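**Student:** what's the 3D shape of this:
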Amino acid sequence: MDRILYVASNGAARILEQQSALANNLANTTTTGFRAVLDVYRAVPVQPAAGEMPTRVTTVLASHQAHLGQGAVVETGNALDAAMAGDGWFTVRTPEGEAYTRAGRFTVNDNGELVTATGAVVLSVDGQPIELPERGTPTIAEDGQISALGAGDHPADLQLVGQLKLVNPPAEQLRRRADGLFSLPGSEVAPADERLRILPGFVENSNVEPAAAMVALIANARAFEQHMKFIQTADENDQRSNAILSAAG
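**Tutor:** Numbering: from 1, shown residues only. As a prediction, this is how the structure comes out:
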């Protein structure tokens, strides 16, 4: 009896965790550059009471990983939009240090700095913010170089204002952060990779497949209901056993 309850309750808890991740993925199907969350679990032994043998194991959430496959790339025509042409990441500044993102829907903040849609400052190859001239006309090249023509300037006065820091650290070293950005362990900094290229005027959509996420949500809900039935059946069997023992006594 105890074993049924143990297995069913443990499975139900893991299903609820997975359901949360799936719901988060589904909610971000339209988020630029979003990477689907993949929960990774591991088995751990249950510490037995004194004098008992360690005969049981349980599962716990080991980490929140990510599906790093590329999402659909769509043209926007926006001069400040950019998508990675294959592998690679844009670099941004956060209070915890450098972080990386595939979301290339950029804009300019009140300080004239290039930022992401969430306000993170985009960094150049020298690790500094990229400042654009006020009311200037920017142009992003495939290698990440950003040029700008100031308001009223002659085309010959086009000036280079910075170059995006594009990086390509090993996928297995990247860690998803709570804010959706990625970073390296120990606040390590990835070096710029000059071989990477971008697609100016495009953005990369989320790599979540809405239909697959919805099917997984339904399957998880059914699995949770099944575990609840196991627990209910175990409780009913326990009550019947108690009734039989009471009658026999």
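**Student:** for the top helix by length along the chain, packing partners?
**Tutor:** Taking DSSP state H as the criterion, the chain has its longest helix at helix 210-248. For helix 210-248, the packing partners by 3 or more Cβ pairs under 8 Å, 6 or more residues apart in numbering; DSSP states H and E come out as helix 2-27. All C-beta atoms are positioned from the backbone trio N, CA, C, and that covers glycine.
**Student:** Just the buried residues of the worst-scoring helix or strand of the chain on mean pLDDT, please?
**Tutor:** Across the helices and strands of the chain, mean pLDDT, DSSP states H and E gives its lowest value to strand 57-66, namely a mean of 75. Buried residues in strand 57-66, defined by neighbour count with 16 or more other Cβ atoms under 10 Å: His64, Gln65, Ala66.
**Student:** Now do the residue nearest to the last one when sequence neighbours are not counted against Gln18, distance only.
**Tutor:** So the one you mean is Ala66. Among residues not flanking Ala66 along the chain, Arg35 sits closest, at 4.2 Å (Cβ to Cβ, 6 or more residues apart in numbering). Arg35 sits 17 Å away from Gln18, taking Cβ to Cβ, to the nearest Å as the criterion.
**Student:** quick one: which of these two has more around it?
**Tutor:** Taking other Cβ atoms under 10 Å, Arg35 and Gln18 do not tie; Arg35 has more neighbours (25 against 21).
**Student:** shouldn't the more buried one be in contact with Leu68?
**Tutor:** Yes - counting by Cβ atoms under 8 Å, Leu68 is a contact partner of Arg35 at 6.0 Å.
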